[in-house]
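Kindly return the folded structure for what I paste below:
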Amino acid sequence: NQTGTNFPPDVSEFDAVGLTREPSLTVRPPRVGESPVALECSLYQIIPVGNSFLVLGEVLHAAVRTDVLSGSHPDAGLLRPLARLGRTEWSRLGEILEIARIPYSEWDSRP
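You can find the predicted model right below:
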């Protein structure tokens, strides 16, 4: 939230809020050292939507701290993500459900 402050162009968000720069592997800008996950992306497409833009990127590299992994996958409970909903509203994860996928070999199409 602090990095959303409208700092003037000559003020670094990293420095103003005390974040650590960590070198990226595939893109020039540094990533945020305190973040448990960082996606390094290249621009894929920009799509105008109303008075805004949908920006799509191609993920070139994903850096994930090992302490938020369950096996080889990120664990949402360990990540503790925060979602911006709009205005001053934010959200955390509620109940997390685990529902196993049905392999096709076990599929029964009866309702």
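
which residues of the chain score low on pLDDT?
The model of the chain has pLDDT under 70 over residues 110-111.

The same query, at a cut-off of 80, please.
109-111 (pLDDT under 80).

Tell me which stretches of it form strands.
In the chain, the strands defined using DSSP state E lie at 21-22, 31-32, 37-49, 52-64, 69-70, 73-74, 82-86, 89-92.

Most tightly packed of those?
strand 31-32 (a mean of 18; mean count of other Cβ atoms under 10 Å). (Glycine included, C-beta is placed from N, CA and C.)

Within the sheet, what are the partner strands of that one, with directions?
Paired neighbours of strand 31-32 in the sheet (DSSP bridges): strand 21-22 (antiparallel).

how far does the partner strand sit from the chain's center?
16 Å (Cα atoms, centre = their mean, to the nearest Å).

which other residues reach that strand?
14, 30-33, 38 (Cβ atoms under 8 Å, 6 or more residues apart in numbering).

separation between the residue nearest to residue 3 when sequence neighbours are not counted and residue 104?
Excluding the flanking residues, the one nearest residue 3 by Cβ to Cβ, 6 or more residues apart in numbering is residue 13, at 4.5 Å. Separation of residue 13 from residue 104 (Cβ to Cβ, to the nearest Å) stands at 48 Å.

Give me the more crowded residue out of these two.
The neighbour count for residue 13 versus residue 104, taken as other Cβ atoms under 10 Å, is higher for residue 13 (13 against 6).

what's near enough to touch that one?
2-3, 5, 7, 19.

gap between it and residue 71?
For residue 13 relative to residue 71 (Cβ to Cβ), the value is 34 Å.
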